[in-house]
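Undergrad: Give the three-dimensional model of this entry:
(chains A and B)
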There are 2 protein chains.
Amino acid sequence: MRLSHAFIPTLKETPAEAQIASHRLMLRAGLVRQTSAGIYAWLPLGLRVLRNIERIVREEQDAAGAQEILMPTIQPAELWKESGRYEDYGKEMLRIRDRHDRDMLYGPTNEEMVTDLFRQSVRSYKELPQILYHIQWKFRDEVRPRFGVMRGREFLMKDAYSFDIDHAGAVASYRKMMLAYMRTFQRLGLKAIPMEADTGPIGGDLSHEFIILAPTGESQVYYDAAFEEIDYGAGGGFSHEKPEDLARFFEVMTGHYAATDEKHDTARWDQVAANRKREGRGIEVGHIFYFGTKYTKSMGATVAGPDGKQVHPEMGSYGVGVSRLVGAVIEASHDDNGIIWPDSIAPFKAVILNLKVGDAGCDALCARLYAALGGNALYDDRTDRAGAKFADADLMGHPWQIIVGPRGAAAGTVELKRRATGERVEVTPEAALARIGG
Amino acid sequence: MRLSHAFIPTLKETPAEAQIASHRLMLRAGLVRQTSAGIYAWLPLGLRVLRNIERIVREEQDAAGAQEILMPTIQPAELWKESGRYEDYGKEMLRIRDRHDRDMLYGPTNEEMVTDLFRQSVRSYKELPQILYHIQWKFRDEVRPRFGVMRGREFLMKDAYSFDIDHAGAVASYRKMMLAYMRTFQRLGLKAIPMEADTGPIGGDLSHEFIILAPTGESQVYYDAAFEEIDYGAGGGFSHEKPEDLARFFEVMTGHYAATDEKHDTARWDQVAANRKREGRGIEVGHIFYFGTKYTKSMGATVAGPDGKQVHPEMGSYGVGVSRLVGAVIEASHDDNGIIWPDSIAPFKAVILNLKVGDAGCDALCARLYAALGGNALYDDRTDRAGAKFADADLMGHPWQIIVGPRGAAAGTVELKRRATGERVEVTPEAALARIGG
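TA: Prediction:
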């Protein structure tokens, strides 16, 4: 993408309404614009990040055996009356009346709807377990939306729902999702810690929230070093397919101390060895629940069990805030100059800075690099001065900057800067491409 | 995906509420389920098709130089009061009041919002042209939603908006989008014909709608054979970058007779050579508009022109119904047994039919084929009888069926069936894989 014609409206001034780093940086770098209180339009740079996060979330859901569906944003009120949550939900639910005066609502979550789809479709225990997920826009009418996309009203969420024939199956599904989440956060370049949580309006008796570490996080967190030492990825030795792996994984996840200040238990904390105590700030980015037959009973969803009798399947639900993660990643990874994107979700791998647009050598070398990198590069072909280009490149946070000036172009070299470390090296264009590609 | 555990609830009976083929087949093949009148949940098989269509639409928008953004579903009423359309839109607009009693709406289209983003961000003619698009759920509160996803209330649409400094630029953008649309439909396996249209509530003075041919289409269409003879793709010799190509393309598109029965002009039709007359049934799947400064004037959007004076940019808007296309493709491509997916958007390239689950030879051969095809194959590993499997495979419409029976497995052969032609050949597994892959 050529920056001279890209719809990336950066701001020089810090917007007064933005109280936290990610909100300020998302506005300044031209990732989003607010269209109503707590509602945002995603501009090209922000949308690329959102889609990258969505892709990683999807891949890990698929790897865990979950099946993707897509439920609509608008739901009928009747389903929520069946479960009994229509009145409970209060003013955060955006209630709508259609032209025929039917009560509708903009879904804040989907336990009712997915249970309805399930009860229409699944007849036998033989079809279980099922984990269904979707990645869809939700709406919660927050009384005071703030912190940009971190606490918006219209937000993108991945929510999954598991259906199992019995408690043991439900626990296995719960553990699978926990593993999928830890893998997701690791791929996003985040340090995440699962913590026991209250179940709140979803109900149920087992629940964890996922806190990621960020220096500007909303809560103080206390945790055992164990969480920093585990490889959740392919090399970690945990398979979704093996119950014994899932049990061992769950034991590790729940066998070490971790709490936010709200639930901090100093007596238990004192038992953690001093050299294993870690503290930091954290942000909640996901929440998983096991709630058994709460919805299958209230909504009359059953399948035939092995003995032919009708059984209410056991359910869990599993949410991760996809749009919230864009803000959370920035809170975890930025400096005074701007965003520092992890390679896995950067909108562009690299930016090519042409320091002298119009200089034949610079233009030709930039064109060559741009052709080689294709859609992975943003090309700053604006006629602005070098200082402005450096500042915008740091602000937007591309992992690599390829700096092309007239002297280097004549000598056949470029400067390659790594955003995360600030390291700059003079290399041949080929060496720069090799380093970025690898 | 293994069919025994896939969330693909096929129906034996034809649902009484479905009046047209695509609606019947989408319900019967388990692509969608209705959750409220005119509102659908997309199940795994349907979602894969929707995403495939979305991907092709996106690729062709990107190729035309359009930039993807994502505007929210919920819009503030103020923007529509600025343009004057808030009252005009009538009951099809889903109006919402939030907890602070602010008037909001579920966007039926985005001219106002994109003009607002543009006026905040773009300052100079040097940044033009700009074409911004998004693929987002829209809502139109149809009084009588019907025909499944063809006329639903919540529907997925790609809408693009062009901004140009003058009329000539706007015409070039209009032609680019027309070319992008013709390429999109060709890749979807559809025969599309652009027809001059009224501009309706969007306003403006130039407009085309895109009709695709389908035996069960809603209108009778009359057209010149020319439209069937053009290659719109890479080989067609039209480039988005060359104004002379776009002019020649537009001349071809508008230089031949094409009309639906509503606008049919028998006098002009009589001038078409008899051997070039074509008739058929058609479905509208896209609509493009040039409307100049209608919104930039009413909403005060300007950029500095070359002489420093403020100019109202000229706009166009370009819509294609992504979810509607799923239905339209089925109307264009089905038979008595079910759907016949074009290869480019099929949910799976192939289905593997294990005719004797539990037979060691069949199981081993199917496992081998399934491993080789990976995510491109659905594996029918159910214990049902062969007849039910054949019927479901035809119903779901996968382009290829690999039929594995005990005799073939012993002899090292499979039957390969092409859904579109019904052709069946006995081949080695390797030959089957090669044919499907190629």
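Undergrad: Flag every buried residue along the helix or strand of chain A with the lowest mean pLDDT.
TA: One helix or strand of chain A scores below all others by mean pLDDT, DSSP states H and E: helix A:226-229, with a mean of 89. By 16 or more other CB atoms under 10 Å in any protein chain shown, the buried positions in helix A:226-229 come out as A:226, A:227. No exception for glycine: its C-beta is placed from N, CA and C like everyone else's.
Undergrad: got the contact list for it?
TA: The set of residues external to helix A:226-229 that reach it, using CB atoms under 8 Å, 6 or more residues apart in numbering or on different chains, is A:191, A:192, A:193, A:252, A:255, A:256, A:258, A:276, A:278.
Undergrad: Dump the helix or strand that it is followed by to PDB, restricted to CA.
TA: Note on helix A:226-229: by DSSP states H and E, the next helix or strand toward the C-terminus is helix A:243-254. Provided in PDB are the C-alpha atoms of helix A:243-254 (Å, rounded to 0.1, in the frame of the first residue of the first chain):
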ATOM      1  CA  PRO A 243      -7.300 -36.600  27.800                       C
ATOM      2  CA  GLU A 244      -4.200 -37.300  29.900                       C
ATOM      3  CA  ASP A 245      -2.400 -34.300  28.300                       C
ATOM      4  CA  LEU A 246      -5.400 -32.100  29.000                       C
ATOM      5  CA  ALA A 247      -5.500 -33.200  32.600                       C
ATOM      6  CA  ARG A 248      -1.800 -32.500  33.100                       C
ATOM      7  CA  PHE A 249      -2.200 -29.100  31.400                       C
ATOM      8  CA  PHE A 250      -5.100 -28.200  33.600                       C
ATOM      9  CA  GLU A 251      -3.200 -29.300  36.700                       C
ATOM     10  CA  VAL A 252      -0.300 -27.000  35.800                       C
ATOM     11  CA  MET A 253      -2.700 -24.100  35.000                       C
ATOM     12  CA  THR A 254      -4.600 -24.400  38.300                       C
END
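Undergrad: Which strands and helices lie in contact with helix A:243-254?
TA: Helix A:243-254 sits against helix A:167-187, strand A:192-196, with contacts defined as 3 or more CB pairs under 8 Å, 6 or more residues apart in numbering or on different chains; DSSP states H and E.
Undergrad: can you give me the mean pLDDT across the first one?
TA: Which is helix A:167-187. Averaging pLDDT along helix A:167-187 yields 96.
Undergrad: next one: that helix to chain centre, how far?
TA: With CA atoms, centre = their mean, to the nearest Å as the basis, helix A:167-187 stands 16 Å off its chain's centre.
Undergrad: Give me the buried stretch members for it, please.
TA: Within helix A:167-187, the residues scored as buried using 16+ other CB under 10 Å are A:169-187.
Undergrad: coming back round to it: for the contacts of helix A:226-229, pick the one with the most neighbours.
TA: Among the contacts of helix A:226-229, residue A:193 has the most neighbours (other CB atoms under 10 Å in any protein chain shown), with 27 neighbours.
Undergrad: Next, the contact list for it, please.
TA: Counting by CB under 8 Å, 6+ apart, residue A:193 touches A:210, A:211, A:212, A:213, A:221, A:223, A:227, A:258, A:282.
Undergrad: The residue of the stretch 101-250 of chain A found nearest chain B: what's its closest spatial neighbour, skipping adjacent residues?
TA: Residue of the stretch 101-250 of chain A nearest chain B, by CB to the nearest CB: residue A:121 (3.6 Å). Of all residues not flanking residue A:121 in the chain, residue B:9 sits nearest, at 3.6 Å (CB to CB, 6 or more residues apart in numbering or on different chains).
Undergrad: residues near the one you found, how many?
TA: 20.
Undergrad: And it, how far from residue A:173?
TA: Distance check for residue B:9 against residue A:173: by CB to CB, to the nearest Å, it reads 20 Å.
Undergrad: List the contacts of residue A:168.
TA: No contacts exist for residue A:168 under CB under 8 Å, 6+ apart.
Undergrad: What separation do you get for it and residue A:243?
TA: Going from residue A:168 to residue A:243 by CB to CB gives 9 Å.
Undergrad: from the chain's centre, how far out does the host helix or strand of residue A:279 sit?
TA: Element membership for residue A:279 (DSSP H and E) is strand A:277-292. Strand A:277-292 has its C-alpha centroid displaced from the chain centroid by 13 Å (CA atoms, centre = their mean).
Undergrad: From residue B:30, how far off is the residue nearest to residue A:121?
TA: In this view, residue B:9 and residue B:30 are 5 Å apart by CB to CB.
Undergrad: Now list whatever residues contact both of the two.
TA: Common contacts of residue B:9 and residue B:30, defined by CB under 8 Å, 6+ apart, comprise A:121, B:43.
Undergrad: so what's the residue of the stretch 251-400 of chain A at minimum distance from chain B scoring on pLDDT?
TA: At 8.5 Å from chain B, residue A:375 is the closest residue in the stretch 251-400 of chain A, using CB to the nearest CB. Per-residue pLDDT puts residue A:375 at 91.
Undergrad: residues contacting it?
TA: Each residue near residue A:375 by CB under 8 Å, 6+ apart is listed here: residue A:1.
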